[in-house]
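Okay, sequence plus prediction incoming.
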Amino acid sequence: MFRQDACPKRIGVWRMKMNVKLITKVQKETMLKNGKEQYEAGKRDKCIDFKPVVKLFTPDAQCTWLLSELHPNDNDIAFGLCDLGMGFPELGSVRISEIESVRGKLGLPVERDRSFVSEKTLSEYTHDARDAQYITA
């Protein structure tokens, strides 16, 4: 049995490693590519409606994030549909480091939904989430 008080330094390292895995290398590369494409499209007054690349959630709360892009100049800023469980999901930018710091009621960290496969574009998820008042993915 693992005791938390047995080695506090090791626990901190374990938590840090867990947070690094919120977004896989492949997902990060895809999100960076999307961010660069969106940046270039913005120069032409265009907007690309990407499918979400990753779904993050709190296992002990009602927070969910569907993220599609990373800012090309700041990899800590992601864009997507954010739902903090208050009935008002919205599109916007969020810092990955802030998501990593979120804890639910039981103190559990945010997790990546490993089985998530995007079936719709971000705008379609947003429309559905606004109707339902929460993300339905």
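Sure, I can see it. Numbers count the residues shown, from 1 in each chain.

And the lengthiest strand in the chain, what does it pack against?
The longest strand of the chain (DSSP state E) is strand 74-83. The helices and strands touching strand 74-83, judged by 3 or more CB pairs under 8 Å, 6 or more residues apart in numbering; DSSP states H and E, are helix 25-43, strand 64-71, strand 90-95, helix 96-101, helix 122-132. (Each C-beta comes from the backbone N, C-alpha and C, glycine too.)

Could you rerun that using 7 Å?
Judged by 3 or more CB pairs under 7 Å, 6 or more residues apart in numbering; DSSP states H and E, strand 74-83 is in contact with strand 64-71, strand 90-95, helix 96-101, helix 122-132.

As TSV, these with mean neighbour count and mean pLDDT would be great.
Shown next, in TSV, are the helices and strands packed on strand 74-83 (neighbours: other CB atoms under 10 Å; pLDDT from 0 to 100):
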stretch	mean neighbour count	mean pLDDT
strand 64-71	25	98
strand 90-95	13	96
helix 96-101	16	95
helix 122-132	16	97
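
With distance to residue 32 added, can I get the ones you listed in CSV?
Below are the helices and strands packed on strand 74-83 laid out as CSV (distance: least, CB to CB, whole Å):
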stretch, distance to residue 32
strand 64-71, 5
strand 90-95, 15
helix 96-101, 12
helix 122-132, 16
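
Name the residues of the longest strand of the chain that are buried.
77-83 (16 or more other CB atoms under 10 Å).

ditto for stretch 103-112
104, 109-110, 112.

bridging residues for residue 90?
Counting by DSSP bridges, residue 90 forms beta bridges with residue 82.

Please verify my assumption that it contacts residue 80.
No. Between residue 90 and residue 80 there is no contact, the gap being 10.1 Å when judged by CB atoms under 7 Å.
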